[in-house]
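S.K.: I'll drop the sequence and a predicted model, then ask my questions.
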Amino acid sequence: MEKTNTDELPLAMNSTEKQETVCIFGTGDFGRSLGFKMLQCGYSVVFGSRNPQMSSLLPNGADVLSYPEAAKKSDIIIMAIHREHYDFLTELTEVLNGKILVDISNNLKINQYPQSNAEYLAQLVPGAHVVKAFNTVSAWALQSGALDASRQVFVCGNDSKAKQRVMNMARTLGLTPLDQGSLMAANAIENYPLQLFPMWRFPFYLSAALCVFFFIYCVIREVIYPYVYEKKDSTFRMAISIPNRVFPVTALILLALVYLPGVIAAILQLYRGTKYHRFPDWLDHWMLCRKQLGLVALGFAFLHVIYTLVIPIRYYVRWRLRNLTITQALLKKEDPFSTSSAWLSDSYVALGILGFFLFVLLGITSLPSVSNAVNWREFRFVQSKLGYLTLILCTAHTLVYGGKRFLSPSILRWCLPAAYILALIIPCTVLVIKFILILPCVDKTLTRIRQGWERNSSYSKSPLNGKTDI
Ligand SMILES: Cc1cc2nc3c(=O)[nH]c(=O)nc-3n(C[C@H](O)[C@H](O)[C@H](O)COP(=O)(O)OP(=O)(O)OC[C@H]3O[C@@H](n4cnc5c(N)ncnc54)[C@H](O)[C@@H]3O)c2cc1C
Ligand SMILES: NC(=O)C1=CN([C@@H]2O[C@H](COP(=O)(O)OP(=O)(O)OC[C@H]3O[C@@H](n4cnc5c(N)ncnc54)[C@H](OP(=O)(O)O)[C@@H]3O)[C@@H](O)[C@H]2O)C=CC1
Ligand code: HEM
Ligand SMILES: [Fe+3]
C-alpha cells in the first residue's frame, strides 16, 4: 500500500500512526473546549499562551508553551483568540510562515468590520494558509457533546490542501464539514451565527401582517357594523369567532403563497424560453423560504382546528341552540330536514379534515429525520403533488363552507365581503394557473425548458450537444 497522505486522513486515526499534533493559540473558553475534544479524539495538543505558567483549568495531557514555542510544534494552528487581539501575530510571521492558521473567530455584530476576520488574519500573516472553520460550534456544545443544532462546520480557504486537512480534522471530531469555497466566503460564514432565524423572518412578518389585517377587517364587519346598525354588543366575538376566521384565512393564504412562487417561476421560464436566466432576487428569496411559510401555515391550521373543536361548548352557541328550540316549540313550527344542507355541511367539514391530514403529512416529511429517509423523488412527490392536493382540499373546504351564501348580496357589509372570500383569491388564482401549466401542450414546453432546451438559442439546436429535440 502507498504511504498515507495526511491530506487524505481516514475518519479516525490509526493507532499505529504517530499522533498528529495540533497547536491552539489562546487558553480561553473555546481553546480549552476544543483542546479537550481534540485530546479525546486522539490528537496531541499544544497550547500557546501569554502566560504558560499561569494557565489553569487546561485539559489533562495538553502542553502549554509561549506562543512562538507552541507554533513550532505543529503546522496547524487554531486561533482561539478574539480578532481584536490578533495584532501580536505580526511579530510571529516568521514562525507562522507556511503554517495552516484556522480562524474560528466570531464578531458581535453583522459586518462589524469592513474585512472578514479570516481575511484580516491572512493579511497580517501573508505567508500562512488561512482557513475559516468551527465558528458555528459553541464552546459549551463541544464540551458537553450536545451538538444537535451545530454539527455543521462551514469551511473556506484559498489553499485546498490546507482546507482538506481542516475538514478531515472536523470529521475526526465528529462534525460535518461543508466546503464553502475560497476565503471570500469568510464574511458570510462569520455573519451566519449572528443571524436570527433569517428564513423565518419573512413568513413571520407576513403572517403577523395578515392576522392584524384580517382581525381589524372582521372587527369592522362583525363588531362595529352590528353596533352601528343594531346597537348590538358583539365584542365577545373577538375571543373565538373572529380568531377562528383570522387563523384559517391566514393559513389558507400562506399555503397558497407556498405554491405561488413555483407557478410564477414556471411562467417566467415559459416567457423567457429558457431556464438559464436568474430569477429576480425577491423570487429566489421567496422560493427559499417556502418550507418556513408552509410550517407557519400549518401552525395556523392547527389553531383553527382547536378553535373549531370548542364550538359546541361555547356559551353563545348553546344559548342560540336552546333559544331556537324553545322558539320553535312555542310557535309549534319545525324546520324541515334539508338533505342539501346536510350534504354541504358534512362535505365542507370532511374536506377540512382531509386537507388538515395532508397538511400534517407535509409537516412530518419536512422533519430532517423523515426527509433524510426518503429519496428525492419521494420527497418531491409528497411536497409538490400532495402539497397541491392539500391546497385543493383546503380551498374546496372554504368554497363549500361559503356554499349557497357565496353570491348573496346580504353577506356584504359596508361593501366588504366576508373574510373567506378574500382568502380564496390567491388559492384559486394559484390553482387555475397550475391547471393551465399542466395542460399537455404547456407542460411539454415547460418540461423541455427545464431539461435545458432554449427557445431562442442556436446552441440548443446544435446536433453536437445532443439536445436536438426541437
Ligand atoms: C407543512 C409544509 C411543510 C413543508 N416543508 C418543506 C420542506 O421541508 N422542504 C421544502 O423544500 N419545502 C417544504 N414545503 C414547501 C413546499 O411544499 C415545497 O417547496 C414544494 O416542493 C413546492 O412545490 P412546487 O410544485 O411549487 O415546487 P417547485 O419545485 O417550485 O416546482 C414547480 C413545478 O416545476 C416542476 N419542476 C421544478 N423543478 C424542475 C426541474 N428541475 N425539472 C423539471 N421540473 C421541475 C415541478 O414538477 C413542479 O410542478 C413545505 C410546505 C408545507 C405546507
Ligand atoms: N466561546 C465560544 O463558544 C466560541 C468562541 N469563538 C471564537 O473563539 C475565539 C476565542 O473565544 P473565547 O475562547 O470564548 O474567548 P476568551 O476570552 O475566553 O479567550 C481568548 C483567549 O485569547 C488569548 N489572548 C491572546 N491575546 C490576548 C489579549 N491581548 N487579550 C486577551 N486575550 C488574549 C487569551 O489566552 P492566553 O491568556 O492563554 O494568552 C484568552 O484566554 C473568539 O474569536 C471567538 O469569537 C467561536 C465560536 C464559539
Ligand atoms: C380538522 C380539520 C378542519 C375542520 C374540522 C374544519 C372545520 C371548519 C369549520 C367548522 C368552519 C366554520 C367555522 C365557523 O363557522 O366560524 C371552518 C371554516 C374555515 N376553514 Fe376549516 N376546518 C378544518 C381544516 C381547515 C384547514 C386545514 C384549512 C385551511 C388551511 C381551513 C380553512 C378554513 C377557512 C378559510 C374557513 C372560513 C373561515 C371564515 O371566514 O369563517 N380549515 N372550518
Ligand atoms: Fe504552503
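M.R.: Now that the structure is in, tell me what you want to look at. Ligands and ions are numbered 1, 2, ... in the order given.
S.K.: now the helices for the stretch 351-470 of the chain?
M.R.: For the stretch 351-470 of the chain, the helices defined by DSSP state H, counting those that start in this stretch occupy 368-371, 376-380, 387-402, 419-437, 440-450, 458-461.
S.K.: export these to JSON lines and tack on mean pLDDT?
M.R.: Rendered in JSON lines, the data for the helices of the stretch 351-470 of the chain read as follows (pLDDT from 0 to 100):
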{"stretch": "helix 368-371", "mean pLDDT": "85"}
{"stretch": "helix 376-380", "mean pLDDT": "87"}
{"stretch": "helix 387-402", "mean pLDDT": "95"}
{"stretch": "helix 419-437", "mean pLDDT": "95"}
{"stretch": "helix 440-450", "mean pLDDT": "92"}
{"stretch": "helix 458-461", "mean pLDDT": "49"}
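S.K.: tell me the most buried of these?
M.R.: Per residue and on average, the most neighbours among the helices of the stretch 351-470 of the chain fall to helix 387-402, with a mean of 20 (mean count of other C-beta atoms under 10 Å). For the C-beta atoms, the positions are set from N, CA and C on the backbone; glycine is no exception.
S.K.: Quick one: list the elements packing against that one.
M.R.: Helices and strands touching helix 387-402, by 3 or more C-beta pairs under 8 Å, 6 or more residues apart in numbering; DSSP states H and E, are helix 243-272, helix 339-365, helix 419-437.
S.K.: Can I get the helices of the stretch 351-470 of the chain in TSV including distance to ligand 1?
M.R.: Below are these laid out as TSV (distance: least, C-beta to the nearest ligand atom, whole Å):
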stretch	distance to ligand 1
helix 368-371	6
helix 376-380	6
helix 387-402	4
helix 419-437	7
helix 440-450	4
helix 458-461	16
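S.K.: Return the nearest residue of the stretch 301-450 of the chain with respect to ligand 1.
M.R.: Nearest residue of the stretch 301-450 of the chain to ligand 1 (C-beta to the nearest ligand atom) works out as S366 at 2.8 Å.
S.K.: what about that residue, distance to M199?
M.R.: 13 Å (C-beta to C-beta, to the nearest Å).
S.K.: can you put the helices of the stretch 351-470 of the chain in JSON lines and add distance to S338?
M.R.: Shown next, in JSON lines, are the helices of the stretch 351-470 of the chain (distance: least, C-beta to C-beta, whole Å):
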{"stretch": "helix 368-371", "distance to S338": "44"}
{"stretch": "helix 376-380", "distance to S338": "44"}
{"stretch": "helix 387-402", "distance to S338": "15"}
{"stretch": "helix 419-437", "distance to S338": "22"}
{"stretch": "helix 440-450", "distance to S338": "42"}
{"stretch": "helix 458-461", "distance to S338": "60"}
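S.K.: where along the stretch 51-200 of the chain do the helices fall?
M.R.: Using DSSP H, counting those that start in this stretch, the helices of the stretch 51-200 of the chain run over 67-72, 93-96, 117-124, 139-144, 160-172, 186-191, 198-219.
S.K.: Nearest to Q269, out of those helices?
M.R.: Closest approach to Q269 among those (C-beta to C-beta): helix 198-219, 23.0 Å.
S.K.: quick revisit: to ligand 2, which of the helices of the stretch 51-200 of the chain lies closest?
M.R.: Judging the helices of the stretch 51-200 of the chain by C-beta to the nearest ligand atom, what sits closest to ligand 2 is helix 139-144, at 3.4 Å.
S.K.: tell me which residues in that closest one are buried?
M.R.: By 16 or more other C-beta atoms under 10 Å, the buried positions in helix 139-144 come out as 139, 141-143.
S.K.: What of stretch 210-220?
M.R.: 210-211, 214-215, 217-219.
S.K.: and it, anywhere near ligand 3?
M.R.: No - applying C-beta under 6 Å from any ligand atom, one finds stretch 210-220 separated from ligand 3 by no less than 8.0 Å.
S.K.: what is the rounded mean pLDDT of that stretch?
M.R.: Mean pLDDT, stretch 210-220: 96.
S.K.: can I have it written out in PDB, keeping just the CAs?
M.R.: The C-alpha coordinates for stretch 210-220 follow below in PDB (Å, rounded to 0.1, in the frame of the first residue of the first chain):
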ATOM      1  CA  LEU A 210     -52.200  39.100   7.600                       C
ATOM      2  CA  CYS A 211     -53.500  38.400  11.100                       C
ATOM      3  CA  VAL A 212     -53.700  42.000  12.000                       C
ATOM      4  CA  PHE A 213     -55.300  43.000   8.800                       C
ATOM      5  CA  PHE A 214     -58.000  40.300   8.900                       C
ATOM      6  CA  PHE A 215     -58.600  40.800  12.600                       C
ATOM      7  CA  ILE A 216     -59.400  44.500  12.000                       C
ATOM      8  CA  TYR A 217     -61.400  43.600   8.900                       C
ATOM      9  CA  CYS A 218     -63.500  41.100  10.900                       C
ATOM     10  CA  VAL A 219     -64.000  43.500  13.800                       C
ATOM     11  CA  ILE A 220     -65.300  46.100  11.400                       C
END
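S.K.: Output the buried residues of helix 139-144 as CSV; include the columns distance to ligand 3 and pLDDT.
M.R.: Below are the buried residues of helix 139-144 laid out as CSV (distance: C-beta to the nearest ligand atom, whole Å; pLDDT from 0 to 100):
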residue, distance to ligand 3, pLDDT
A139, 43, 82
A141, 37, 78
L142, 42, 79
Q143, 44, 77
